[in-house]
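Colleague: quick one: sequence plus predicted model below, questions after.
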Amino acid sequence: MCALCPLSSRPVRKSSIYLPDELKGALAELSRRSGRSEANLIRSAIEQLVEAASALSPSPAVPGPPLPRPPLPRPAVVGVGVGPGDPVLVTERARQVLEAADRVLVVTTDIRSVGRAEMVVRSACPVARVQRVAFAVGGDATARQHSLDGLVGAALDGADASELVAVAVLGDPYQWTIFPALAAAVRDRRPGVTVDAIPGITAWQALAAHATVPLAGPGAALVVVDDLDGLDRHLGDPGACVVVYKASTDATSLRAVASRHGRRGAVVGELTGLPGERHVDLDELADGPLPYLSTVVFPAVAVLPARTAAAAGS
Ligand SMILES: C[S@@+](CC[C@H](N)C(=O)[O-])C[C@H]1O[C@@H](n2cnc3c(N)ncnc32)[C@H](O)[C@@H]1O
């Protein structure tokens, strides 16, 4: 006898007790195809329903006007930027997606190690259903392609099971991350799957805010480069604020390029938003390699002539 229907002697599947036969059949088929239990699929569907309903009529206990909540489609693969490291710099929208996602993919160099993006996810959204994927970040092209294939496979597993798959990355998903390549592969192999991204606060934004360095203004350029050649190419423009990312360089080399262009006042941010963070003037930085999590901002030294009235008014 079924525990939920004490008067019936027929065995009843608890997960589909309220469903008409046709829907039960479709649910069983989806469960078989996706490898997810019927209960799990029902939970996902109800979560979506509740999410959509709360967007229409937010709880009266929540103060202030409701935040607009665009619907979260399924199946979908969504890149989620989780900021440079401090969980308080994760946006509300990013948190919503992390919470609603059926799986949150995070890459790590070693499957047993909790990577930086996962740490932020754990702090900002403890209920997130995290799945770690090993990625040969420093490997050669073949190793990286192999890693990407593994990540694409994990995302497609979720998409094929009608899941909302979040891919959490530091900073912004479309800036020096694996997400653009993943998004292209998903679009290519599953054209019907929604691909989206939630922008994240970047290390250079956090550093500039902390160090009170203006990033750009009218007529000025803001350039982000990832090596010394790029820095050399752009520092010659006194109106440009130049940011160096992926600081695979050292203090002496940075100072040499800076002095070639007569640029001073650069600020170096190490571990921004993380334990042990520090912000130092480049001229005061000790010689030697910069840590991987370093960002350098060279503020503009000259404000270019104001734009024409026509341009300014546009
Ligand atoms: C692979 S890129 C990731 C960029 C990221 N998607 C973004 O939008 O900020 C890694 C580089 O970002 C910068 N970075 C990321 N997090 C940082 C942090 N907490 N402090 C300083 N720099 C950071 C460093 O230059 C690092 O080498």
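Modeller: Okay, I see it.
Colleague: where are the low-confidence patches of the protein?
Modeller: Counting by pLDDT under 70, the low-confidence segments of the chain come to 1-18, 20, 22, 26, 30, 33-36, 44-70, 247, 303-314.
Colleague: show me where it has its helices.
Modeller: Per DSSP state H, the chain carries helices over the ranges 21-34, 38-56, 92-100, 116-124, 141-160, 179-189, 203-211, 228-235, 251-260, 309-313.
Colleague: tell me the buried residues in the fourth one?
Modeller: This points to helix 116-124. Across helix 116-124, burial judged by 16 or more other C-beta atoms under 10 Å covers 116-121, 124. C-betas here are computed from N, CA, C, even on glycine.
Colleague: of these, which is the nearest to the ligand?
Modeller: The ligand has its nearest neighbour among the buried residues of helix 116-124 in R116, at 7.5 Å by C-beta to the nearest ligand atom.
Colleague: with adjacent residues omitted, what lies nearest to that closest one?
Modeller: Take R116 and drop its neighbours on the chain: the residue closest to it by C-beta to C-beta, 6 or more residues apart in numbering is L170, 5.9 Å away.
Colleague: now swap in P173 and tell me
Modeller: Here the residue nearest P173, using C-beta to C-beta, 6+ apart, is G79, at 3.1 Å.
Colleague: first to last residue in stretch 24-43, what's the distance?
Modeller: Chord length of stretch 24-43, first to last residue, is 15 Å (C-alpha to C-alpha, to the nearest Å).
Colleague: could you give the separation of that stretch from the chain centroid?
Modeller: Remark: stretch 24-43 is offset 29 Å from the chain centroid, using C-alpha atoms, centre = their mean, to the nearest Å.
Colleague: for the protein, which residues are neighbours of the ligand?
Modeller: 84-85, 169-172, 175-177, 202-203, 245-247, 269, 271-274, 292-295 (C-beta under 6 Å from any ligand atom).
Colleague: need the buried ones from the residues you listed selected in ChimeraX.
Modeller: Selection of the buried residues among those in ChimeraX, burial being defined by 16+ other C-beta under 10 Å:
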select :84,85,169,170,171,172,175,176,177,202,203,245,247,269,271,272,273,293,294,295
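Colleague: residues in contact with stretch 246-260?
Modeller: For stretch 246-260, the surrounding residues in contact (C-beta atoms under 8 Å, 6 or more residues apart in numbering) are 176, 226-228, 231-232, 235, 244, 264, 266, 268, 282-283, 285-292, 294-296, 298.
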